[in-house]
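Chemist: model the structure of this input:
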Amino acid sequence: MKGLSKEAERWLRQAQYDLKVAEWCLEGGYHFSVCFWSQQGASKALRAFLYMEGEDQVYRLSVAELLDRCIVYSEDFKALSERAGRLDIYYKTSRYPDILPGGIPAEIIGEKDSKEALQIAFDLLRLVEGKHKEHIPSYEV
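Modeler: Model prediction:
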């Protein structure tokens with residue numbers, strides 16, 4: 001049955017947990033971590049969608065690349081593609097001090113960045129969750 005693979009479920013659940021971690025980091029003021037976990041959660045949510053659509057090997061890490069692939073199956077992802085591609089900025093810059101000249105992620109990435117990243121990630125997650133519900137057949141008796 002299309003869309004109900006165990007792999008899709010696993011990736012979707014982990015995406016949900018990643019965004020819970022991002023929320024927790026936001027509460028603590030760890031904005032660099034919010035950005036990292038937002039990128040991770042968004043990436044995993046998109047991978048879940050691709051597994052729902054029957055793809056069996058999804059190795060991309062880039063949110064922008066995953067979105068391009070998702071748009072093949074649903075034009076609904078286009079509305080988020082420009083904003084969501086920004087999450088890729090945080091894949092390395094939120095973790096490694098040598099990526100940012102003259103500072104470290106914990107001191108440079110701020111609240112505005114983290115709130116924007118988390119909002120984008122949640123928008124993607126909600127879209128994928130909605131697509132997941134569309135894949136679940138309803139039974140009428």
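Chemist: leaving aside the residues next to it on the chain, what's closest to residue 86?
Modeler: With sequence-adjacent residues excluded and distances taken as CB to CB, 6 or more residues apart in numbering, residue 86 is closest to residue 120, at 6.8 Å. No exception for glycine: its C-beta is placed from N, CA and C like everyone else's.
Chemist: and the helix or strand harbouring that neighbour, what does it pack onto?
Modeler: Using DSSP states H and E, residue 120 maps to helix 111-135. In terms of contacts (3 or more CB pairs under 8 Å, 6 or more residues apart in numbering; DSSP states H and E), helix 111-135 is packed against helix 6-28, helix 31-52, helix 78-84.
Chemist: what is the least confident helix or strand in this protein?
Modeler: helix 90-93 (a mean of 88; mean pLDDT, DSSP states H and E).
Chemist: centroid-nearest residue for the protein?
Modeler: Geometric centre of the chain, nearest residue: residue 42, 0.0 Å, by CA atoms, centre = their mean.
Chemist: check contacts around it.
Modeler: By CB atoms under 8 Å, 6 or more residues apart in numbering, residue 42 lies in contact with 15, 63, 84, 87, 120, 121, 124, 125.
Chemist: any idea how far residue 131 is from residue 58?
Modeler: 15 Å (CB to CB, to the nearest Å).
Chemist: do the same with residue 117
Modeler: 22 Å.
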